[in-house]
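Peer 1: Pasted the sequence and its predicted model underneath.
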Amino acid sequence: MSDLSAYRDSAQTSAAWPFEEARKIVARIARTGKKQVLFETGYGPSGLPHIGTFGEVARTTMVRRAFETLTSGEIPTRLIAFSDDMDGLRKVPDNVPNKALLAGALGMPLTKVPDPFGTHPSFGEHNNARLRAFLDQFGFGYEFMSSTECYRSGMFDATLLKMLERYEAIQAVMLPSLREERASTYSPFLPIHPVTGHVMQVAVDEVKVDAGTIVWRDPDTGKAYETPVTGGHAKLQWKPDWAMRWVALGIDYEMAGKDLIDSVKLSGEIVRALDAEPPEGFNYELFLDENGQKISKSKGNGLTIDEWLTYASPESLSLYMFQRPREAKKLYFDVIPRAVDEYLSFLDAFERQDEKNRLGNPVWHIHGGMPPAPEKIAAAGSNQAATAVSFGLLLNLVAVANVEDKGVLWGFLQRYAPGASPQTHPRLDRLVGYAIRYFADFVKPKKVYRAPDDVERDALAALKAKLLTMPADASAELIQEAVYDVARAVPRYQDFKAKGATPERPGVSNAWFNALYQVLLGEERGPRFGSFAAIYGIANTVKLLQNALDGVLIRDHEAFLAAKAPAGG
RNA sequence: GAGCUCGUAGCUCAGUCGGUAGAGCACGUGACUUUUAAUCAUGGGGUCAUGGGUUCGAAUCCCAUCGAGCUCACCA
């Protein structure tokens, strides 16, 4: 943290949004005199963690780090990941096994619903574990809290009793926001049915402030019950629950999606009805799919976090989350490569920037003020500055060179920068892996292999024969010479207008190379062929030529596409 | 009906108390021993959506208009 204190002054005026948020919290504690700051992110545990979950925690953490920088770490902070696991199960999710098991538990608190996966005592606990594993995988610092445990332990009791006392004031906040038919039966308290265990959404007949209970009737049996609002015998409706939690835990900051703006407002009013101050907040925009539609779990559109992490690093996803949180951004496959390269260039720029600019650099926020040094490679025998290899470059390379193996791609890289290796450049190595997966899933399907005609067949056969006479470690230059020499003998490829061409020794036209790329790689363009063959290996190249002559390349590609078709789509 | 965001180069966007418009990519040209991924140099390109206001001075602050898009108004 001592490193960060250097940024304290510049941070006071930084325009980066995490600092603007953090300054709101600084003003808040100046007002309240609090000695620590609590951040909260909340989850409805009926679903699995998703890309929005990541976004909310990542962004909250950015504000947290900004706050710590503003205050030189003098004020302790905590981030609470709160799981609303006492919520009643409303419907059976589509993506779970043993649906019948869940169907029998509709209406029960999630921590009373059996675990369809059979790994935890309840569905709620199962999902809590998934949430924690998810957050841990990214190294987020947080404290987990279970709503069920909070209610049962009595941690919420004092605030719950106060809400009972202010019952009318809370209703005065809530009722105008509801339609008539709903308002007539609305109660902020949801008693847990003492017999069935269901979370009951029923009208409250009587509020007994002194006894700390509510009186209600079972709509099916008509039987009346008196239930304490404390000790986990009842829970709260969502918006009052949020408000109660803010008060009981003393939350200072919580962000929410734009769809919750009105809810934040109502919950805030309830907090004020409890004589407390609602937390500072921030409303981030929702993500859209490539057609501009809101991403929702039920629709399954947009991009999942697993998909992102298949093709790019968590850091690139953090960058995406950092940038323009108040704008509706499209979140689909095409944004990934750009996010990766922007991350790399921001990382590259960081070293050259002064304090103030660093605070505006996304990598400062992604890495909590301490971004790693960029990994660069230096060209052999060159006094040019080392540069970072971009994802775009790797994608290009992997596509034209038909690379499916990390080693081969490293071969190309080392050709340019002999000193580099997966050991010296581990992050570049991961980038290489991402590029290859991208190739397999998005580039390879678009390849179009074409069959050679008779002239091309002869030329390819001649090239193969020539390569067979060469040593396995023949240099790229030597192979390149051979490629030219083979084509020089073929009238179709002779080019007498080429630079340095003579009638006895014609140049070679582009048609030859185009044919090689189209037939062998399924691409319109490609790498320098000599270099390609040297890295790919003479034996492999010979096999590639033979496969082209045998029609194997086309057959294999068709089989590949056929196998992919049903799963893809 | 209520609220939010955005409009700057062909594209994606920076532009941090107001002080002569920037980057990356793309494109043009040139260099690198027979052009074919990776390099380098260089060039063109913007009435900062529109109209007004404040100011010595506005992409930046204020108001209005137009345009693009989103969210909420049942539940969480």
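Peer 2: Looks like it arrived, so ask away. Since we're looking at a predicted model, the values are computed, not measured. Residues are numbered from 1 along each chain as shown, chains lettered A, B, ... in the order given.
Peer 1: CA only for contacts and neighbour counts going forward, please
Peer 2: Noted.
Peer 1: Any idea which residue of chain A lies closest to RNA strand B?
Peer 2: A:Asp259 (2.9 Å; C-alpha to the nearest atom of the strand).
Peer 1: and that residue, what does it touch?
Peer 2: A:Leu286 (C-alpha atoms under 8 Å, 6 or more residues apart in numbering).
Peer 1: That one - that's part of a helix, no?
Peer 2: Yes. Counting by DSSP: H, G, I helix; E, B strand; the rest coil, A:Asp259 falls inside a helix.
Peer 1: Quick check: it vs A:Phe287, distance?
Peer 2: As judged by C-alpha to C-alpha, to the nearest Å, A:Asp259 and A:Phe287 stand 11 Å apart.
Peer 1: Check the residue of chain A closest to RNA strand B and give its pLDDT.
Peer 2: Per-residue confidence at A:Asp259 stands at 87 (pLDDT).
Peer 1: Contacts for stretch A:43-52, please.
Peer 2: A:53, A:81-85, A:87, A:89, A:93, A:110, A:124, A:127-128, A:130-131, A:134, A:303-305.
Peer 1: For that stretch, give the mean pLDDT please.
Peer 2: The model assigns stretch A:43-52 a mean pLDDT of 80.
Peer 1: Counting by contacts, list what the helix or strand containing A:Leu478 packs against.
Peer 2: Here A:Leu478, judged by DSSP states H and E, is contained in helix A:476-488. If contacts are counted by 3 or more C-alpha pairs under 8 Å, 6 or more residues apart in numbering; DSSP states H and E, helix A:476-488 sits against helix A:454-468, strand A:507-508, helix A:529-536.
Peer 1: mind checking which of those is nearest A:Met200?
Peer 2: helix A:529-536 (67.7 Å; C-alpha to C-alpha).
Peer 1: between the closest one and helix A:476-488, how many degrees?
Peer 2: When axes from the mean of the first three to the mean of the last three C-alpha atoms, to 10 degrees is applied, the directions of helix A:529-536 and helix A:476-488 differ by 130 degrees.
Peer 1: Check whether helix A:529-536 comes near RNA strand B.
Peer 2: Yes. Judged by C-alpha under 7 Å from any atom of the strand, helix A:529-536 comes into contact with RNA strand B through A:Ser531.
Peer 1: Name the residues of the stretch 101-250 of chain A found near RNA strand B, please.
Peer 2: Looking at RNA strand B, the residues of the stretch 101-250 of chain A close enough under C-alpha under 7 Å from any atom of the strand are A:177-179, A:182, A:237-239.
Peer 1: averaged over its residues, what pLDDT does stretch A:75-85 have?
Peer 2: 96.
Peer 1: Pull out the buried residues from it.
Peer 2: Of the residues in stretch A:75-85, A:77-85 count as buried by neighbour count, 16 or more other C-alpha atoms under 10 Å.
Peer 1: and what of stretch A:439-447?
Peer 2: Going by 16+ other C-alpha under 10 Å, stretch A:439-447 has these buried residues: A:439-440, A:443-444, A:447.
Peer 1: Please could you give me each C-alpha atom of it, formatted as PDB?
Peer 2: The C-alpha coordinates for stretch A:439-447 follow below in PDB (Å, rounded to 0.1, in the frame of the first residue of the first chain):
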ATOM      1  CA  PHE A 439      -8.400 -20.100 -34.700                       C
ATOM      2  CA  ALA A 440     -10.000 -23.500 -34.100                       C
ATOM      3  CA  ASP A 441     -13.500 -22.000 -33.300                       C
ATOM      4  CA  PHE A 442     -13.700 -19.000 -35.600                       C
ATOM      5  CA  VAL A 443     -11.100 -19.000 -38.300                       C
ATOM      6  CA  LYS A 444     -10.800 -22.600 -39.300                       C
ATOM      7  CA  PRO A 445     -14.500 -23.000 -40.100                       C
ATOM      8  CA  LYS A 446     -14.200 -20.100 -42.500                       C
ATOM      9  CA  LYS A 447     -11.300 -21.600 -44.400                       C
END
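Peer 1: what residues does that stretch touch?
Peer 2: A:395, A:398-399, A:402-404, A:521-523, A:560-561.
Peer 1: Next one: that stretch, is it in contact with RNA strand B?
Peer 2: No. Stretch A:439-447 is not in contact with RNA strand B by C-alpha under 7 Å from any atom of the strand; minimum separation 13.8 Å.
Peer 1: neighbours around the closest residue to A:Phe54 other than its chain neighbours, how many?
Peer 2: In this structure, A:Phe54 finds its nearest non-sequential neighbour in A:Leu135, 7.6 Å apart by C-alpha to C-alpha, 6 or more residues apart in numbering. Counted by other C-alpha atoms under 10 Å, the residues lying close to A:Leu135 total 19.
Peer 1: what's the helix or strand for A:Leu135?
Peer 2: Assigned by DSSP H and E, A:Leu135 falls in helix A:123-137.
Peer 1: pLDDT wise, what is A:Leu549 at?
Peer 2: If you check A:Leu549, the pLDDT there is 89.
Peer 1: and it, what element?
Peer 2: Here A:Leu549 sits within helix A:538-550, counting by DSSP H and E.
Peer 1: Tell me which residues of that helix come out buried.
Peer 2: A:538-539, A:541-542, A:544-549.
Peer 1: Reformat the residues you listed as TSV; add distance to RNA strand B.
Peer 2: As requested, the buried residues of helix A:538-550 are arranged in TSV below (distance: C-alpha to the nearest atom of the strand, whole Å):
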residue	distance to RNA strand B
A:Ile538	16
A:Ala539	19
A:Thr541	16
A:Val542	19
A:Leu544	18
A:Leu545	17
A:Gln546	21
A:Asn547	21
A:Ala548	18
A:Leu549	20
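Peer 1: How much space separates A:Leu178 from A:Glu206?
Peer 2: 21 Å.
Peer 1: show me where chain A has strands.
Peer 2: Along chain A, counting by DSSP state E, strands occupy A:37-43, A:77-83, A:143-146, A:189-191, A:204-208, A:213-217, A:224-228, A:234-236, A:253-257, A:280-284, A:287-288, A:329-330, A:494-495, A:507-508.
Peer 1: winner for burial among those strands?
Peer 2: Ranked by mean neighbour count under mean count of other C-alpha atoms under 10 Å, the strands of chain A are led by strand A:189-191, which reaches a mean of 27.
Peer 1: So what touches it?
Peer 2: Residues contacting strand A:189-191 (C-alpha under 8 Å, 6+ apart): A:199-202, A:227, A:229, A:233-237.
Peer 1: partners of it in the sheet?
Peer 2: Strand pairing for strand A:189-191, determined by DSSP bridges: strand A:234-236 (antiparallel).
Peer 1: Tell me which residues are up against the strand it pairs with.
Peer 2: A:86, A:151, A:188-192, A:199, A:227-229, A:241.
Peer 1: ok, now with 10 Å
Peer 2: For strand A:234-236, contacts defined as C-alpha atoms under 10 Å, 6 or more residues apart in numbering pick out A:86-88, A:109, A:147-148, A:151-152, A:156, A:160, A:163, A:187-194, A:199-201, A:213-214, A:227-229, A:241-244.
Peer 1: Buried only: go through the residues you listed for me.
Peer 2: A:86-88, A:109, A:147-148, A:151-152, A:156, A:160, A:163, A:187-193, A:199-201, A:213-214, A:227-229, A:241-244.
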